[in-house]
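Enquirer: fold the following, please.
(chains A and B)
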Protein chains: 2
Amino acid sequence: MHMIQPGMEIDVLKENGKLASENYRLLKSHQIKSVDFMGSIGAGKTALIIKIAEKLRAKGVRVCAIAGDVTGDDDYARFEKSGLEAVNCNTGHECHLDAHLIHHTLDKMDLSKYDVVLIENVGNLVCPADFPLGTDYRVVVISTTEGDDMVRKHHDIFQHSDVAILNKVDLAEVMEVDPDAIVEDHRKLTGGLKRMYKCSVKTGEGLDEIMAALKL
Amino acid sequence: MHMIQPGMEIDVLKENGKLASENYRLLKSHQIKSVDFMGSIGAGKTALIIKIAEKLRAKGVRVCAIAGDVTGDDDYARFEKSGLEAVNCNTGHECHLDAHLIHHTLDKMDLSKYDVVLIENVGNLVCPADFPLGTDYRVVVISTTEGDDMVRKHHDIFQHSDVAILNKVDLAEVMEVDPDAIVEDHRKLTGGLKRMYKCSVKTGEGLDEIMAALKL
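Expert: Numbering: from 1, shown residues only, chains lettered A, B, ... in the order given. Sure thing, here's the model as predicted:
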């Protein structure tokens, strides 16, 4: 659902910003590192979070995931099935998580139990951009199956993200997509200030580099 | 960008509905058939529209496409390159087309030149649902590369669409996705009242059936 009055838009963003700062302080008071994973449906956010969590758990790090979706609990169920503790967070109708929803979700969790919280945003490459949740890092995940024009079409989310990930590079050839051209679009858009990491959650390629970038 | 006040939300939708009716009347006054193609980025909307337009042009039907995107002209350029006349329609920041934007776009076109207008909405499986544009048909396009949970996660857009299309069935095996399970999710959600068509724009499978469903 979308706003049209500019004045009101600013109020909503301001309010979200305030609550995001509160979330950040709350997470930091428990020494929790947190990451917000944004991106379209099918980009591989759920699988990526599961893989990162597995690697963290192998190092003894206590991880929890928050599964954000408009409706249903598919991602939550996938997290739990993989052995990753998770909380389901449905927006009901909204096309993105916001700091208010995450505030309520964190309220329900026993934060003393975790070192890292990984948040999966609603599958959407546009709307989450404007709504920081108060995490340490904001990550945008895209995949080669989405074509080669994502960066050119969706400036906002790449500019608002700290790290960009191009997933499913193992499928690039089948998809007739050149990963380096997408990385180059991203380099141009961000003036080289931010980096896009190529990875394949399936083969494991690039995951260690991404974890290093996120200081996990 | 998103609204939170329920009262205002209703006003925006009401206003959109009014303009959608005007668009519909305008198109009908020129005997134009029109279709709104919604769906996530990478679902194959552009390629599908190009294929449908080719088939229509082969029958002597005069077609124009409207390329909706947040920013850039990638889809517009693809349409033009394929020989399909097109108009670019950037939303600037918004994550979906609305009846107002389409109203302005139709205003700029010489509608006496066309029999069919095919509109490609912004790549987004959530937000366009609430904003009919005034077309004869609303179509949602998903693809096997998006996983198998799209219908379960995004009720709204499937309920608001007349026809659903599951594209890239030729990649189902590589993607380890069962197309029939997705079709079954859709059948359950719509109580069998609406139909999901399996297709592959690449191989041409299913296209004639889709065109028949859209009375094209």
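
Enquirer: and the most centrally placed residue in chain A, how far from chain B?
Expert: Residue closest to the average C-alpha location in chain A (CA atoms, centre = their mean): residue A:37, at 0.5 Å. Counting by CB to the nearest CB, to the nearest Å, the gap from residue A:37 to chain B is 15 Å. C-beta coordinates here come from the backbone N, C-alpha and C atoms, glycine included.

Enquirer: for the closest residue to that residue other than its chain neighbours, grab the count of nearby residues.
Expert: Nearest non-adjacent residue to residue A:37, counting by CB to CB, 6 or more residues apart in numbering or on different chains: residue A:45, 4.7 Å away. For residue A:45, the count of nearby residues is 29 (other CB atoms under 10 Å in any protein chain shown).

Enquirer: quick one: contacts for residue A:74?
Expert: Contacts for residue A:74 (CB atoms under 8 Å, 6 or more residues apart in numbering or on different chains) come out as B:149, B:152-153.

Enquirer: ok, residues contacting the helix or strand hosting residue A:152?
Expert: Here residue A:152 sits within helix A:150-153, counting by DSSP states H and E. Helix A:150-153 is contacted by residues A:40, A:125, A:142, A:158, A:182, A:185-186, A:189, B:41-42, B:69-72, B:74, B:123 when judged by CB under 8 Å, 6+ apart.

Enquirer: state the pair within those residues that is farthest apart.
Expert: A:189 and B:42 (18.6 Å; CB to CB).

Enquirer: in the helix-or-strand element of chain A with minimal mean pLDDT, what counts as buried?
Expert: Every helix and strand in chain A was compared by mean pLDDT, DSSP states H and E; the lowest is helix A:6-29, with a mean of 88. If you call a residue buried by 16 or more other CB atoms under 10 Å in any protein chain shown, then helix A:6-29 has these buried ones: A:9, A:12-13, A:16, A:19-20, A:22-24, A:26-27.

Enquirer: tell me where chain A has strands.
Expert: All strands of chain A, identified by DSSP state E, fall at A:33-39, A:63-69, A:85-90, A:116-123, A:137-143, A:163-167, A:195-198.

Enquirer: pLDDT weak spots in chain A?
Expert: Residues of chain A meeting the criterion pLDDT under 70: A:1-10.

Enquirer: next, count neighbours for residue A:109.
Expert: By other CB under 10 Å, the residues close to residue A:109 number 16.

Enquirer: measure the residue lying closest to it once chain neighbours are set aside to residue A:68 for me?
Expert: Closest residue in space to residue A:109, ignoring its immediate chain neighbours: residue A:87 at 6.1 Å, by CB to CB, 6+ apart. Residue A:87 sits 10 Å away from residue A:68, going by CB to CB, to the nearest Å.

Enquirer: same thing with residue A:135?
Expert: Distance from residue A:135 to residue A:68, by CB to CB: 12 Å.

Enquirer: what is in contact with these two at once?
Expert: What both residue A:135 and residue A:68 touch, as defined by CB under 8 Å, 6+ apart, is the set residue A:119.

Enquirer: and these two? which has more neighbours close in?
Expert: residue A:68 (31 against 23).

Enquirer: and the closest residue to the more buried one other than its chain neighbours, how many neighbours does it have?
Expert: What sits nearest to residue A:68 in space, not counting adjacent residues and going by CB to CB, 6+ apart, is residue A:97, at 4.4 Å. Around residue A:97 there are 25 other residues, counting by other CB under 10 Å.

Enquirer: nearest residue to residue A:204 in space, please, no chain neighbours.
Expert: Counting by CB to CB, 6+ apart, the nearest residue to residue A:204 once its immediate chain neighbours are dropped is residue A:51, at 7.4 Å.
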